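# build the 3D model from these lines:
(chains A and B)
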Amino acid sequence: MTGKRSRLFSAYGWFVLVFLYLPIIVLMLYSFNQSRINAVWTGFTWKWYLSLLENRHAMEALANSLTIAAWSSLLATLLGTLAALALHRYAAGVKAVLNGLIYLPIIIPDILMGLSLLVLFSQIGMSLGKLTMIAAHVTFGISFVVVIISARLAGMGNELEEAAQDLGASPWQTFRHVTLPVIAPGVVASLLLTFTMSLDDFVISFFVAGPNSTTLPLYIYGLVKRGVSPEVNALSTLMIAVTILLLVAAEVFRRKGMEKEPGNSLIM
Amino acid sequence: MLSRTRWLSVPALLWLAFFFLIPLLLVIALSFLERGTYGQVVYAFTLNNYSRIADPLYGEVLLETLAVSLLTTFLTLLIGYPLAYHIARLERGWQHTWLLLVMMPFWINFLVRSYAWVVILRSQGVINTLLLSLGLIDQPLSLLYNSAAVLLGMVYALLPFMVLPVYVSLEQLDRRKLEAAYDLGASPWRAFWHITLPLTKSGVVTGSILVFVSSIGMFVVPDVMGGAKSALIGNVIQNQFLSARDWPFGSALSIVLMLLSVMLIFLYFRAIRVQEREGREER
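Reported below is the predicted structural model:
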């Protein structure tokens, strides 16, 4: 491989990275621009962020987002962790079938999940609101939790638990002192990841949100349909910042204790 | 003793059965029912919802969706393959950093990322303002709300989906085969065409299917960046459910979308199996 070709590929790689990040960076920059109407830079300001604080609708959407994300991440992590613990023990054949059910929600297009949940809620007469939002967010969260926890359990193998049992530990003691410490960072990573996914979700929420459960992405969508404004830029910038922070935190926890074999990053 | 913990999976499985499987079955059932005058569902069997899809109006949307999805897949492959190639040639530590950088935007939601393009492309946007102030144009260009903008948005949104699987297959490539080709006097281009590309076929297939499945179900990007004419099937489905209130027809459209996706996902798993088999044969 000649150095010249190496440099060419390098330049190309950087070029694509610029393509991926430039729009996001431009959006963030313009959230600090004084001018309301156009793209001419007229000076730095925090005023769009301050005006968000006084915006009742934005604050309400933020509160809804946080409530829904908190509950759905807790529930999804609880259900997903328990399922991963159990799946770890199934025979290969049964496991494959159950895994199919568990992983399908990851690959099915969001729009299908959203509208099918809307159909379900209308059939059972459940009015759309925070509860339907939480139920929907738990549904897409569970699968990711199972993936993360299963990876940690697979890394642990069965030997440690068997040894503990041979030494007379009760199932609870085995879980408390052997299994839990191994999966704990994965549980934290799952909480952070499902929280982020819930905070970020637009498509599924779009179908199952009611009038009193508008979340930040839904609120942003309403504004985007009316046109570009510096408040949307500010709100989007905040969402991007929070998403990246939460993801980095989730990744740090996921890797904890897996230094030797960190496997694929969860955000990939 | 350990087997007693199996019931722990029951809550999650019940949850998914109730909130995932049953809703999908309901949509299938709904697609064979009639719509009443006021948008309510009438419990009478019909195949009309499916025959309506053949209507030129919807046939066109379906074709447009397939065309945009195919183009998106092709362009992400064209842009993504060399990027994956570049990453696979870096040192281990750098590979990880680059992959993180490529995947990070993927987690910022599509809505915000499409909106970022609106900020740049609209008539008072960054590009038009720049060109106007430089005196290169006297009228703002209409860069937004057309099919090209939708295509740009889709490629932008889905590129990471292509890079990752292609990178994985390039990473597993047995470099000795390439060295052998070079030793036998093959040009870099010939070596790439006859060795690298065929051996990374499974990554290309996986990436293409991931991108294609995501494209055909996409409705955020065309909704934000496209005009009325660049609606894709996702937009029509959304419209049937939330505005037109024709749920049975919306369901029939979704079933077509679902069948397409499932077919492709099936191919995806086959590609993965081939990849695993190839991996084993290598060793």
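
# ok, the most centrally placed residue in chain B to chain A distance?
Geometric centre of chain B, nearest residue: residue B:214, 2.4 Å, by Cα atoms, centre = their mean. Computed as Cβ to the nearest Cβ, to the nearest Å, the residue B:214 to chain A distance reads 7 Å. Where C-beta positions appear, they are placed from N, C-alpha and C, glycine not excepted.

# what does residue B:26 give?
Separation of residue B:26 from chain A (Cβ to the nearest Cβ): 5 Å.

# my guess is that residue contacts residue A:122, does it?
No. Using Cβ atoms under 8 Å as the test, residue B:26 is too far from residue A:122 to be in contact (9.4 Å).

# ok, the two, which is more surrounded?
More crowded of residue B:26 and residue A:122, by other Cβ atoms under 10 Å in any protein chain shown: residue B:26, with 19 against 15.

# give me the pLDDT value at residue 8.
Using chain A. Here, the pLDDT recorded for residue A:8 equals 89.

# not what I meant, chain B
pLDDT, read off for residue B:8, is 87.

# assign it to helix, strand or coil.
Under DSSP: H, G, I helix; E, B strand; the rest coil, residue B:8 falls in the helix class.

# now do the helices in the stretch 51-200 of chain A.
With DSSP state H, counting those that start in this stretch, the ranges of helices along the stretch 51-200 of chain A come out as A:56-87, A:92-107, A:110-123, A:130-156, A:159-166, A:171-174, A:180-200.

# identify the contacts common to residue B:26 and residue A:122.
Residues touching both residue B:26 and residue A:122 (Cβ atoms under 8 Å, 6 or more residues apart in numbering or on different chains): none.

# and the residue of the stretch 101-250 of chain A nearest chain B?
Nearest residue of the stretch 101-250 of chain A to chain B, counting by Cβ to the nearest Cβ: residue A:109, 2.9 Å away.

# contact partners for that residue?
With the criterion set at Cβ under 8 Å, 6+ apart, residue A:109 makes contact with B:213-214, B:216-217, B:234, B:257-258, B:261.

# including pLDDT and distance to residue A:253, could these go into CSV?
Converted to CSV, the contacts of residue A:109 look like this (pLDDT from 0 to 100; distance: Cβ to Cβ, whole Å):
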residue, pLDDT, distance to residue A:253
B:213, 88, 30
B:214, 89, 28
B:216, 90, 35
B:217, 88, 31
B:234, 92, 34
B:257, 89, 36
B:258, 86, 35
B:261, 81, 32
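
# quick check: the gap between the spatially most central residue of chain A and residue A:68.
Nearest residue to the geometric centre of chain A (Cα atoms, centre = their mean): residue A:197, 2.4 Å. Distance, residue A:197 to residue A:68, by Cβ to Cβ, to the nearest Å: 11 Å.

# go on, residue B:22?
22 Å.

# the more surrounded of these two?
Using other Cβ under 10 Å as the criterion, residue B:22 and residue A:68 rank with residue A:68 on top: 25 against 16.

# for chain A, state which of the contacts of residue A:109 is nearest.
When the contacts of residue A:109 are compared against chain A (criterion: Cβ to the nearest Cβ), the nearest one is residue B:217, at 2.9 Å.

# what about the helix or strand harbouring residue B:164, near chain A?
Of the helices and strands defined by DSSP states H and E, residue B:164 is found in helix B:147-171. Yes. Helix B:147-171 comes into contact with chain A (Cβ under 8 Å from any Cβ of the partner chain), by way of B:156, B:159-160, B:164.
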